[in-house]
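Student: Here's a sequence, model it:
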Amino acid sequence: MPPGYRLSFDDIDAAAAHAFLTTAYWCEGIPLPTVQRAIAHSLCIALHADTQGQVGFARVVTDRTTFAYLCDVYVLPAHRGQGLADGMIQALLAHPDLQGLRRFMLFTRDAHALYAHHGFQPLATPDRGMEVVRPGMYLTATPPDHA
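Tutor: So this is what the prediction gives:
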């Protein structure tokens, strides 16, 4: 990690994550309570800049035994190009709770080289995968109350 930055699995700023994620192509308009609940039920890592607070984030949805799904990875634009996302992914993949998993997945439309560097590759059998997608759901629906 370059000087002036630190990673934390404990010091997660949900409001900072929300500020980026609500504008991200994959979850545009996501409400803060939804981000807070997702963080509470996931293994998360935050990237902090000494003078600016949280400037990056990534989240893993996992049973901590057989499967993990990497998502919500970002580094704010002003901090990109320094290997910071690489450092977050490296730290997540080394986390004790994520060892011995049979499958670790992600879906993204960009940064494929970053993920390939860590062993991710295109699905060998994409015809086996299925999904339910609700595009724009955060822009058109009121999320359920999960309090």
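Student: Count the residues that sit near L92.
Tutor: For L92, the neighbour count with other CB atoms under 10 Å is 24. Glycine gets a C-beta too; all of them are placed from N, C-alpha and C.
Student: Contacts for the host helix or strand of it, please.
Tutor: Per DSSP states H and E, L92 falls inside helix 84-94. Contact with helix 84-94 is made by 1-2, 5, 7, 43, 45, 47, 55-58, 60, 70, 73-75, 98, 104, 111, 114-115, 117-118, as judged by CB atoms under 8 Å, 6 or more residues apart in numbering.
Student: Filter these down to the buried ones.
Tutor: 5, 7, 43, 45, 47, 55-58, 60, 70, 73-75, 98, 104, 115 (16 or more other CB atoms under 10 Å).
Student: mind listing which of those residues are in strands?
Tutor: Of the buried ones among the contacts of helix 84-94, the ones assigned to strands by DSSP state E are 5, 7, 43, 45, 47, 55-58, 60, 70, 73-75, 104.
Student: ok, those residues vs L123, which is closest?
Tutor: Closest approach to L123 among these (CB to CB): F104, at 12.4 Å.
Student: Which residue lies closest in space to the closest one, excluding its sequence neighbours?
Tutor: A68 (4.7 Å; CB to CB, 6 or more residues apart in numbering).
Student: was I right about that neighbour contacting M105?
Tutor: Yes. Under the criterion of CB atoms under 8 Å, A68 is in contact with M105, at a separation of 7.3 Å.
Student: Between the two, point out the one with more neighbours.
Tutor: Comparing A68 with M105 by neighbour count (other CB under 10 Å), the higher total belongs to A68, at 24 against 14.
Student: Show me how far the helix or strand hosting that one is from its chain's centre.
Tutor: Per DSSP H and E: A68 is located in strand 67-75. Taking CA atoms, centre = their mean, to the nearest Å, one finds strand 67-75 lying 3 Å from the centre of the chain it belongs to.
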